[in-house]
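Novice: what's the 3D shape of this:
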Amino acid sequence: MTTTPEQIAKGSGPAEENYLNCSHGFASWAFTLDHKRIGIMYLVGIVVSLFLGGVFALLVRIHLWMPTGALRDAGVTEEVYNQIFTLHGAIMVFLFIIPSIPASLGNFFLPIMLGAKDVAFPRMNLASFYLWVLGAIFFLAAMLITGLDTGWTFYTPYSAETSTAPVVAATMGVFILGFSSIFTGLNFVVTVNTMRPPGMTWFKMPLFLWSIYATGIIQLLATPVLGITVLLLCLEATIHIGIFNPKYNGDPVLFQHFFWFYSHPAVYIMILPGMGVISELLPVYCRKHIFGYKFIALSSIAIALIGFLVWGHHMFVSGQSPLATAIFSGLTFAVAIPSGIKVFNWVATMYKGNIYLTTAMCYVLAFLFLFTIGGLTGLHLGSLATDIALHDTYFVVAHFHYVMMGGALIAFIAGLFHWWPKMFGKMYNENWGRLSALLVFVGFNLTFFPQFYLGSLGMPRRYATYEGRDGFPVSPDLLEQFTFIHRVSTSGALVLAVGLGIAAGTLIAALLYGRKAPRNPWGGATLEWTCTSPPIMQNFIDTPSVDDPYIYSNLEWDPALEGYKTLPLTTPHPAPEHQPVG
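Specialist: Down below sits the predicted model:
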């Protein structure tokens, strides 16, 4: 049977060979050098990590339903509670948020957006995945089997006084994960530098590539510091060299400097790819050229560079000098400027745009609201006058989650819904997708917004109980407020879990029952929408032509294809309005 070009574009003809069906069997995936398959394997591991981290988060919230601990009778003592929140934080940070967008969506789409067949170093790409798996095994085994309860930061002297084996195993897991991150960052930087097609200058690159490029720079420069730090921690724990532990004449504040010199840039490893996703999706669903392209592109580089200079704002209460505190406070305000540039340009892109509320766009709008709250509340923690009072309270917990989860996670889900038809060649149910976005948005705000107030009342984070024991006096009125706010937060966490479950179910149902996706269902103008859905093994048969990635005037809706088709670039047309796809 002959397949017509229209059937190929629509995806309704006989099954075409693509990266999913070109070879079969475990070995074809385990030893693949195809960036797309490696991205899918990362995606599976990352989603499993999100599930595990979410389960531990729900256990924390359920336990805090009662002032004395709702799960105490089930064996959740203060020590077990410490282990649970350590598992939650460590899994979510090291196994989910840091690799989420770069390792999955970045691996899959960076070469395709460049019109290339693969990344610069395919074998290194596969090695980075197996290093991630090996590091995750080390990490989880140490924390689950030995019951490590140091918190995800491994602060000394607490981690140094803990039994040696768990700390060594967990930090070695982090060390291996760091090598995976370095390999990925190096691959992305080299790929963008050397494999751009003719005509794709720096300022004709999609903004997603700018964010991945900036992320790669941070990974290359910051991750070795974490590797050295955890290696020194291992040496101190095993042969008692005095580095961080006062017991051996070490300095615990030195550990904080090393840790946060990596971990604050790591915040931008987590959020910059999410910003890139938002920059890609907004113009597509607004049918407008991105506003202030160069400012958004260069602000990614600015965030990457300034992010290395602000680690000291985590240490206002550590005894550093007033001069250092003032400098770090000023730099903290400075790093907010390029983030603000992005937000203002995103809003300007929506102004007078033809906005189409697809599932992905609903998540984009949620991102804009949540990330803005997270960014504005960060100013309170960057100011010495308010940070001293709010340090180590639930205000910090709320701010961190609004930035990391309201930013990185929401952008990750938005990107999944946007690129799902391209990745797997299947369309999903838009109504269920929009419902998931609504529940995630409501549940997230119900969970974390009350925690700002909870922190301003003085509720410390990481406490298993709050009934007023162990040197933490609580008046009856304050206890009543604590209990009410914790219960509202726990209720919101359950709503959030339902929303995430519906999102996952919607995408899984699309794989099983969704109709075939056309080549370009949303009307995107970047190069990935010019290849088949799903892409063929080599991505493109011919090298695609490069034009401005945010011009939509040469796209036209074709009812026969149930998608958009590309017109000759010389033909002037107004940007087409959206059609009810999905």
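
Novice: Leu416 - that's part of a helix, no?
Specialist: Yes - inclusion of Leu416 in a helix is indicated when DSSP: H, G, I helix; E, B strand; the rest coil is applied.

Novice: Leaving out chain neighbours, which residue sits closest to it?
Specialist: Leu507 (6.7 Å; C-beta to C-beta, 6 or more residues apart in numbering). For the C-beta atoms, the positions are set from N, CA and C on the backbone; glycine is no exception.

Novice: how deep is that neighbour tucked in, by neighbour count?
Specialist: Around Leu507 there are 24 other residues, counting by other C-beta atoms under 10 Å.

Novice: Could you do the one 4 residues further on as well?
Specialist: Applying the criterion other C-beta under 10 Å, we find 12 residues in the vicinity of Leu511.

Novice: Tell me if I'm right that it and Lys426 touch.
Specialist: Yes - at 5.8 Å, Leu511 counts as touching Lys426 under the criterion of C-beta atoms under 8 Å.

Novice: The residue nearest to Leu416: helix or strand, and which one exactly?
Specialist: Element membership for Leu507 (DSSP states H and E) is helix 476-513.

Novice: residues in contact with the nearest residue in space to Phe56 that is not next to it in sequence?
Specialist: Excluding the flanking residues, the one nearest Phe56 by C-beta to C-beta, 6+ apart is His88, at 3.8 Å. His88 sits next to Gly53, Phe56, Ala57, Leu59, Val60 when contact means C-beta atoms under 8 Å, 6 or more residues apart in numbering.

Novice: now do Thr530
Specialist: By C-beta under 8 Å, 6+ apart, Thr530 lies in contact with Arg519, Asn520, Phe540, Pro544, Thr566.

Novice: Now do the phi/psi pair for the third one.
Specialist: Geometry field for Phe540 lists phi and psi as phi -130, psi 140, criterion degrees, to the nearest 10.

Novice: what number of residues lie near Ser456?
Specialist: By the criterion of other C-beta under 10 Å, Ser456 has 16 neighbours.

Novice: Hmm, Phe395 and it touching each other?
Specialist: Yes - with contact defined as C-beta under 8 Å, Ser456 and Phe395 form a contacting pair (6.1 Å).

Novice: where does the stretch 351-500 of the chain dip in pLDDT?
Specialist: Within the stretch 351-500 of the chain, the segments meeting pLDDT under 70 span 469-472.

Novice: how about the helices in it?
Specialist: All helices of the stretch 351-500 of the chain, identified by DSSP state H, counting those that start in this stretch, fall at 359-382, 384-390, 394-403, 410-424, 430-456, 476-513.

Novice: Let me know whether Thr191 touches Gly115 as I believe.
Specialist: No - counting by C-beta under 8 Å, Gly115 is not a contact partner of Thr191; they are 11.7 Å apart.

Novice: and Gly199, that one's in a strand?
Specialist: No - using three-state DSSP, the assignment for Gly199 is coil, not a strand.

Novice: Now it: closest residue in space, sequence neighbours ignored.
Specialist: Leaving aside its sequence neighbours, Gly199 is closest to Val546 (4.0 Å, by C-beta to C-beta, 6+ apart).

Novice: repeat for Trp432
Specialist: Thr506 (4.4 Å).

Novice: Report the separation between the one you found and Asn431.
Specialist: Note on Thr506: its distance to Asn431, by C-beta to C-beta, to the nearest Å, is 9 Å.

Novice: Which member of the contacts of His88 is positioned nearest Trp210?
Specialist: Gly53 (28.5 Å; C-beta to C-beta).

Novice: what's the neighbour count on Ser28?
Specialist: 12.

Novice: Which strand or helix spans the closest residue to Gly106 other than its chain neighbours?
Specialist: In space, and not counting its chain neighbours, Gly106 is closest to Ile212: 4.9 Å by C-beta to C-beta, 6+ apart. Using DSSP H and E, Ile212 falls within helix 207-239.

Novice: Give the buried residues for that helix.
Specialist: By neighbour count with 16 or more other C-beta atoms under 10 Å, helix 207-239 contains the buried residues 207-223, 225-227, 229-230, 232-234, 236-237.

Novice: what's the answer for stretch 250-263, then?
Specialist: Under the neighbour-count criterion of 16+ other C-beta under 10 Å, stretch 250-263 has Gly250, Pro252, Phe255, Gln256, His257, Phe258, Phe259, Trp260, Phe261, Tyr262, Ser263 buried.

Novice: related to what we said a few turns ago, now the helix holding Ile212: average pLDDT?
Specialist: Computed over helix 207-239, the mean pLDDT rounds to 88.

Novice: Please compute how far that helix lies from its chain's middle.
Specialist: Computed by C-alpha atoms, centre = their mean, to the nearest Å, the chain-centroid distance of helix 207-239 equals 17 Å.

Novice: With stretch 321-329 instead?
Specialist: Relative to its chain's centre, stretch 321-329 lies at 30 Å (C-alpha atoms, centre = their mean).

Novice: what does it rub up against?
Specialist: Contact partners of stretch 321-329, identified using C-beta under 8 Å, 6+ apart, comprise Val310, Trp311, Gly312, His313, Met315, Phe316, Gly382, Ser383, Leu384.

Novice: which of those count as buried?
Specialist: Counted by 16+ other C-beta under 10 Å, the contacts of stretch 321-329 give Val310, Trp311, Gly312, His313, Met315, Phe316, Gly382, Ser383 as buried.

Novice: Inside helices: which ones of the residues you listed?
Specialist: Gly382 (DSSP state H).

Novice: Farthest-apart pair in the buried ones among the contacts of stretch 321-329, please.
Specialist: Longest span within the buried ones among the contacts of stretch 321-329, C-beta to C-beta: Trp311 and Ser383, 16.6 Å.

Novice: about what we covered before: so for Thr506 and Asn431, which sits in the more crowded spot?
Specialist: Neighbours per residue (other C-beta under 10 Å) separate Thr506 from Asn431, with Thr506 holding more: 22 against 11.

Novice: what's the pLDDT at that one?
Specialist: So, for Thr506, pLDDT stands at 96.

Novice: and the gap between it and Gly173?
Specialist: Using C-beta to C-beta, we find Thr506 at a distance of 33 Å from Gly173.

Novice: can you check Gly374 too?
Specialist: 28 Å.

Novice: cool, Val397 as well?
Specialist: From Val397 over to Gly173 the distance is 24 Å, taken as C-beta to C-beta.

Novice: next one: Tyr268
Specialist: Here Tyr268 is placed at a distance of 23 Å from Gly173 (C-beta to C-beta).

Novice: same thing with Leu561?
Specialist: Look at Leu561 and Gly173: by C-beta to C-beta, they are 48 Å apart.
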